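*Asks:* Could you work out the structure for the sequence below:
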Amino acid sequence: MGNTYGNLQKVRDGKRTYAITPHIPGGFVSPEALEKIAGVARKYHGVLKITSGQRILITNLQDEDLPAIWDELKMEPAVKSQNSVKNVEMCPAAFCKRSKHNTMAIGMKLSKKYQWEEMPCRTKIGVAACLNACGGIYSKDVGVIADKPGMMVVVGGSAGYNPRIADIIAKELTEEETLNLVDSVFKYYKENAEAGEKMGFFIDRVGLDNFKEKVLLDVKLK
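*Replies:* Modelled structure (predicted):
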């Protein structure tokens with residue numbers, strides 16, 4: 001494998017160790033995949049960490065072992081480049097008693113379409129099935145939140161060095177309208193943001209009203 005997608009961890013006493021993070025769509029992992037992850041961790045003396053992004057990080061690995069580990073896992077890396085869609089986080093939706101809509105379907109559609117897509121800056125998407133917005137949807141660059149009247153799209157959230165609560169762009173949308181609006185948001189962002197500019201910073205620079213006008217322009221809402 002050309003790129004081993006290993007992240008250098010803290011160097012202790014001159015010893016370098018690495019971590020990898022396999023892609024687990026929406027955090028829903030099969031028993032077979034879980035067994036593979038456990039198996040390579042055991043074999044290569046890895047340490048497992050459940051991440052905030054609904055994935056499992058395998059750390060304490062040696063650089064020379066990474067190609068063999070990826071070959072044994074037969075899984076894609078969660079992150080392939082820095083400035084891209086890093087993950088699409090989802091709540092349990094169909095399995096939750098509070099769910100107002102089975103947002104697992106729209107979440108997987110967004111994951112299949114946008115995972116690894118290049119963006120002006122690192123980007124996260126969140127999807128939740130009710131207004132509790134489990135998964136920190138208001139801290140995501142793009143979020144979809146379901147309620148009985150329909151879905152809501154929020155944008156510009158961040159929980160990092162410069163925390164920011166996402167802005168509401170539209171409410172009471174159908175699934176089709178939601179997908180179209182997310183498409184429009186990313187199109188406008190990719191065409192107009194500066195390199196390295198987070199979605200929230202971009203919105204603050206162009207103005208929320210202007211941003212909403214631009215992204216809603218080509219989206220037909222009922």
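*Asks:* so P67 sits in a helix?
*Replies:* Yes. Under DSSP: H, G, I helix; E, B strand; the rest coil, P67 falls within a helix.
*Asks:* Does it touch Y5 like I think?
*Replies:* No. Counting by C-beta atoms under 8 Å, P67 does not reach Y5; the two are 10.3 Å apart. To be clear about C-beta, it is placed using only N, CA and C from the backbone, and glycine gets the same treatment.
*Asks:* So between these two, which is more surrounded?
*Replies:* Y5 (19 against 14; other C-beta atoms under 10 Å).
*Asks:* That one belongs to a helix?
*Replies:* No. Secondary structure of Y5 (three-state DSSP): coil, not part of a helix.
*Asks:* Contacts only, for it.
*Replies:* 20, 66, 70, 77, 79-80 (C-beta atoms under 8 Å, 6 or more residues apart in numbering).
*Asks:* what's the answer for R205, then?
*Replies:* Here R205 is in contact with E197 (criterion: C-beta under 8 Å, 6+ apart).
*Asks:* quick one: contacts of the top helix by length along the chain?
*Replies:* In the chain, with assignment by DSSP state H, the single longest helix is helix 175-192. The contact list for helix 175-192 (C-beta under 8 Å, 6+ apart) reads 105-106, 109-110, 114, 117, 119-120, 125, 142, 144, 151, 153, 155, 169-170, 173, 199, 202, 206, 211, 214-222.
*Asks:* try stretch 24-36
*Replies:* 22, 37, 54-56, 72-75, 78, 88-90, 104, 107-108, 111, 115, 127.
*Asks:* What does the pLDDT read for the spatially most central residue of the chain?
*Replies:* The C-alpha lying nearest the average C-alpha coordinate of the chain belongs to N87 (C-alpha atoms, centre = their mean; 2.1 Å). If you check N87, the pLDDT there is 93.
*Asks:* tell me the contacts of the residue lying closest to Q82 once chain neighbours are set aside?
*Replies:* Nearest non-adjacent residue to Q82, counting by C-beta to C-beta, 6 or more residues apart in numbering: R122, 6.1 Å away. Contacts here follow C-beta under 8 Å, 6+ apart; on that basis R122 touches 82-84, 86, 198.
*Asks:* now the helices: where do they sit in this protein?
*Replies:* So, for the chain - with DSSP H - the helices run 31-43, 66-73, 104-114, 175-192, 199-206, 208-217.
*Asks:* Below-threshold pLDDT in this structure: ranges please.
*Replies:* 1-2, 221-222 (pLDDT under 70).
*Asks:* Going by the annotation, which residue ranges form each domain of it?
*Replies:* Listed by automatic domain parsing, the domain ranges of the chain are 7-73, 85-217.
*Asks:* how close does the residue nearest to the centre of the chain get to K214?
*Replies:* Remark: distance between N87 and K214 (C-beta to C-beta, to the nearest Å) = 26 Å.
*Asks:* and what of N102?
*Replies:* N102 is 31 Å from K214, by C-beta to C-beta.
*Asks:* still on that earlier bit, for the domains of the chain, state which one has the densest average packing.
*Replies:* Comparing the domains of the chain by mean neighbour count (mean count of other C-beta atoms under 10 Å), domain 85-217 comes out on top with a mean of 19.
*Asks:* distance between that domain and the chain's centre?
*Replies:* Centroid separation for domain 85-217 versus its chain: 10 Å, with C-alpha atoms, centre = their mean, to the nearest Å.
*Asks:* for it, how far is the first residue from the last?
*Replies:* 24 Å (C-alpha to C-alpha, to the nearest Å).
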